[in-house]
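Novice: Quick one: sequence plus predicted model below, questions after.
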Amino acid sequence: MINENYLNLSESYLFTEIARKVNAFKKRYPKADIVSLGIGDVTQPLCPAVVEALHKAADEMAVAATFRGYGPERGYDFLREAIVENDFYRHGIDIDADEVFVSDGAKSDTGNFQELLATDCVVAVTDPVYPVYVDSNLMAGRKIVKLPCTAGNGFVPELPAGHVDVIYLCYPNNPTGTTLTRDQLKTWVDYALETGALILYDAAYEAFIRSTDVPHSIYEIPGAKACAVEFHSFSKTAGFTGIRCGYTVVPKELPAQLNSLWNRRQSTKFNGTSYLSQRAAEAVYSPEGREQIAATIDYYMWNADTMREALTDMGFKVYGGQDAPYLWVGTPNGMSSWDFFEWMLHSAHVVCTPGMGFGDQGEGFVRLTAFGTHENSEKALRRIAMKTP
Ligand code: PLP
């Protein structure tokens, strides 16, 4: 017998379906020069400070005296301390190193955290949404409530009408590229404190924030340590999609000893992030590392600015892309999001992500990423301008 909840999942993971369609197109037109603004993978290499740390760590592994085997279950102290110091203390937030759990990235943690929660918890997610929150809860058989994020409400979800136990929030948002201000996020923290709900806050794109009224961490909001878990990733911040490293903050103030339960879960089912990845992540916080990753983030945001301006000039309705590497673009002439995806692929040889893949409210939108090279982003824009339906 299988876990029948898996039968409730949509047929394939969104990006698998996109890859299937793109591969079929490539097979038919092998000479087509396809520009991908679809899957949110990065294109710029690791920064020199990170590469140097990786080489150094590899050399340490080659010598018995400095070789490292299994690491501490929450991650090495050197990394957890660098995280606490740079991502929290520096911004006036008091997080203890024992509240930080280093992982192989935010996908695993955002997908796995629900294991600590009862199966009859009601889970709220925004619509559109990063599919991992939905699918991991469907696999566990939980009921999911959708919070629509539309152009009409400025992509700011309204508080749930009925009771919910868990709320996933992701800001800056994937896929819409929009954000919540401090006041808007405070509404959610106050709601969670009042109702006893748990917020699972995905801050994977916090490094792209440029507006001063947008919080980098939910713990900037008073009371959040008693109601929120926060997920971070080095994937987009520092190009770690292939290296793999992230971390999750599980405050000790949270009820039900969630900090101990997550420690128990991780020490049973996860055997740590590689020493090399953790040394690489530590280097992200060195003075050189900070400067170098900031330059790469500026580069991606230059793409975002260029794309937002050009697409707006072409007459598209464009949202996001100001504090996030994603643009949420309305499809022209009432086209469906999958039709526009097909049109972009066949007419402009550009891969985008159909909004429908992120939920029903994604209909009528596609997501474009700013993670390409600047050259390719401009090439894609030229082709879209020439062919716009
Ligand atoms: N959370 C969000 C919102 C994402 O968009 C992504 C990656 O695209 C992740 C988490 C996963 O990040 P990681 O590479 O750290 O697993």
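Specialist: Everything's here; your move. Numbering: from 1, shown residues only.
Novice: Contacts only, for G289.
Specialist: Residues near G289 by C-beta atoms under 8 Å, 6 or more residues apart in numbering: C47, A49, V50, A238, A283. The way it works is simple: take the backbone N, C-alpha and C, and place the C-beta from them, glycine included.
Novice: Can you tell me which of these end up in helices?
Specialist: Members of the contacts of G289 lying in helices (criterion: DSSP state H): A49, V50, A238, A283.
Novice: one step back: so which of the contacts of G289 comes closest to G359?
Specialist: A238 (28.8 Å; C-beta to C-beta).
Novice: At the contact with the ligand, which residues of the protein appear?
Specialist: Within the chain, the residues that sit near the ligand (C-beta under 6 Å from any ligand atom) are 40, 105-107, 110, 130, 170, 174, 202, 204, 233, 235, 241, 246.
Novice: follow-up on the earlier one: which of the contacts of G289 lies closest to the ligand?
Specialist: A238 (10.7 Å; C-beta to the nearest ligand atom).
Novice: possible to save the contacts of G289 as JSON lines with pLDDT and neighbour count?
Specialist: Listed next are the contacts of G289 as JSON lines, based on pLDDT from 0 to 100; neighbours: other C-beta atoms under 10 Å:
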{"residue": "C47", "pLDDT": "98", "neighbour count": "24"}
{"residue": "A49", "pLDDT": "98", "neighbour count": "22"}
{"residue": "V50", "pLDDT": "98", "neighbour count": "26"}
{"residue": "A238", "pLDDT": "98", "neighbour count": "28"}
{"residue": "A283", "pLDDT": "98", "neighbour count": "27"}
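Novice: where do the strands sit along the protein?
Specialist: Using DSSP state E, the strands of the chain run over residues 35-36, 100-103, 122-127, 143-148, 166-170, 198-202, 228-233, 246-249, 318-320, 326-330, 350-351, 353-354, 365-369.
Novice: Could you single out the most deeply buried of those?
Specialist: strand 365-369 (a mean of 29; mean count of other C-beta atoms under 10 Å).
Novice: and A106, what is it in contact with?
Specialist: D202, A204, F231, H232, S233, S235, G246, T248.
Novice: same thing but 7 Å
Specialist: D202, A204, F231, H232, S233, G246 (C-beta atoms under 7 Å, 6 or more residues apart in numbering).
Novice: follow-up on the earlier one: now for the residues of the chain next to the ligand, which pair is the farthest apart?
Specialist: C170 and T241 (17.1 Å).
Novice: thinking again about what came up before, need the strands of the chain in a markdown table (columns: mean pLDDT).
Specialist: Below are the strands of the chain laid out as a markdown table (pLDDT from 0 to 100):
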| stretch | mean pLDDT |
| --- | --- |
| strand 35-36 | 94 |
| strand 100-103 | 98 |
| strand 122-127 | 98 |
| strand 143-148 | 97 |
| strand 166-170 | 98 |
| strand 198-202 | 98 |
| strand 228-233 | 98 |
| strand 246-249 | 98 |
| strand 318-320 | 98 |
| strand 326-330 | 98 |
| strand 350-351 | 96 |
| strand 353-354 | 96 |
| strand 365-369 | 97 |
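Novice: mind checking which of these is nearest L185?
Specialist: strand 166-170 (7.8 Å).
Novice: what's the distance between that closest one and the middle of its chain?
Specialist: Distance of strand 166-170 from the chain centroid (C-alpha atoms, centre = their mean, to the nearest Å) equals 12 Å.
Novice: what's the answer for stretch 152-163, then?
Specialist: Stretch 152-163 sits 20 Å away from the centroid of its parent chain (C-alpha atoms, centre = their mean).
Novice: swap in stretch 380-387?
Specialist: Distance of stretch 380-387 from the chain centroid (C-alpha atoms, centre = their mean) equals 28 Å.
Novice: pLDDT score assigned to P389?
Specialist: According to the prediction, P389 has pLDDT 62.
Novice: Oh, that last question was meant for N5, not what I typed.
Specialist: If you check N5, the pLDDT there is 96.
Novice: Let me have the contacts of A106 in a markdown table, adding distance to A151 as columns.
Specialist: Listed next are the contacts of A106 as a markdown table, based on distance: C-beta to C-beta, whole Å:
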| residue | distance to A151 |
| --- | --- |
| D202 | 22 |
| A204 | 23 |
| F231 | 27 |
| H232 | 29 |
| S233 | 28 |
| G246 | 31 |
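Novice: Which single one of those residues is nearest to H346?
Specialist: A204 (31.6 Å).
Novice: residues in contact with the closest residue to the closest one other than its chain neighbours?
Specialist: Leaving out its chain neighbours, the residue that sits closest to A204 by C-beta to C-beta, 6 or more residues apart in numbering is S233, at 4.3 Å. S233 is in contact with G105, A106, A204, G246, counting by C-beta under 7 Å, 6+ apart.
Novice: Redo the residues you listed as a markdown table? Include distance to A140.
Specialist: Output for the contacts of S233, formatted as a markdown table (distance: C-beta to C-beta, whole Å):
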| residue | distance to A140 |
| --- | --- |
| G105 | 20 |
| A106 | 18 |
| A204 | 22 |
| G246 | 21 |
